[in-house]
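1. need a 3D model of the sequence below.
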Amino acid sequence: MKKRQRIKKNEDFQKVFKKGKSFANRQFVVYCLPNEDQTEFRIGLSVGKKVGKAVTRVQIKRYIRQVFLELKNEIRQDMDYVIIARNPAATLDFHETKKSIEHVLKIAKVLKKK
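-> Model (predicted):
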C-alpha cells in the first residue's frame, strides 16, 4: 500500500464514520464513503485491543492490506474505506480473511462483478 492510499488522520476517519455507510459480517465492519476528487481508493484500518495482543492485531492489518492489494482492480476507486476488525477476525488465516472481506464488499456493492 502506498502512503497516499491510507487514511491516517482522525478527521478523515470521523468523516467516513459520520457520512459513510456501514456494512458488516461477523468478522469485519466496512464503512464506505464516495470521494469524487480522488483517483484511487484509500483505506483506514482499526483493530482494537479486544481483538488480541499486538502481534495478532498487526497480522490482521497485514492480511487486510494484502487483500486490498489483490483486489485493487475490482474495487471502486473513488471511495474511502474504513475497516474495523471484530473479535472473530483473530482466528482467521489469510484466505478466510480474503473471503470474508470480499463478502462484505459484495454486500456494499463496491466490488465489480467477475
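
2. and the strands in the protein?
-> For the chain, the strands defined by DSSP state E cover 21-24, 28-34, 42-47, 79-85.

3. and the spatially most central residue of the chain, bridged to which residues?
-> By C-alpha atoms, centre = their mean, the chain has its centre lying nearest to I83, at 3.4 Å. Beta-bridge partners for I83, by DSSP bridges, are V30, L45.

4. I figured it hits I64, correct?
-> Yes - I83 is within contact range of I64, at 5.6 Å (criterion: C-beta atoms under 8 Å). C-beta here means a position set from N, CA and C on the backbone, and glycine is covered the same way.

5. which residues do the two both contact?
-> 43, 45, 101 (C-beta atoms under 8 Å, 6 or more residues apart in numbering).

6. tell me the most buried of the strands of the chain?
-> strand 79-85 (a mean of 23; mean count of other C-beta atoms under 10 Å).

7. re earlier: save the strands of the chain as JSON lines, and put in mean pLDDT and distance to D93 too.
-> Formatted as JSON lines, the strands of the chain follow (pLDDT from 0 to 100; distance: least, C-beta to C-beta, whole Å):
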{"stretch": "strand 21-24", "mean pLDDT": "94", "distance to D93": "21"}
{"stretch": "strand 28-34", "mean pLDDT": "94", "distance to D93": "15"}
{"stretch": "strand 42-47", "mean pLDDT": "94", "distance to D93": "16"}
{"stretch": "strand 79-85", "mean pLDDT": "94", "distance to D93": "14"}
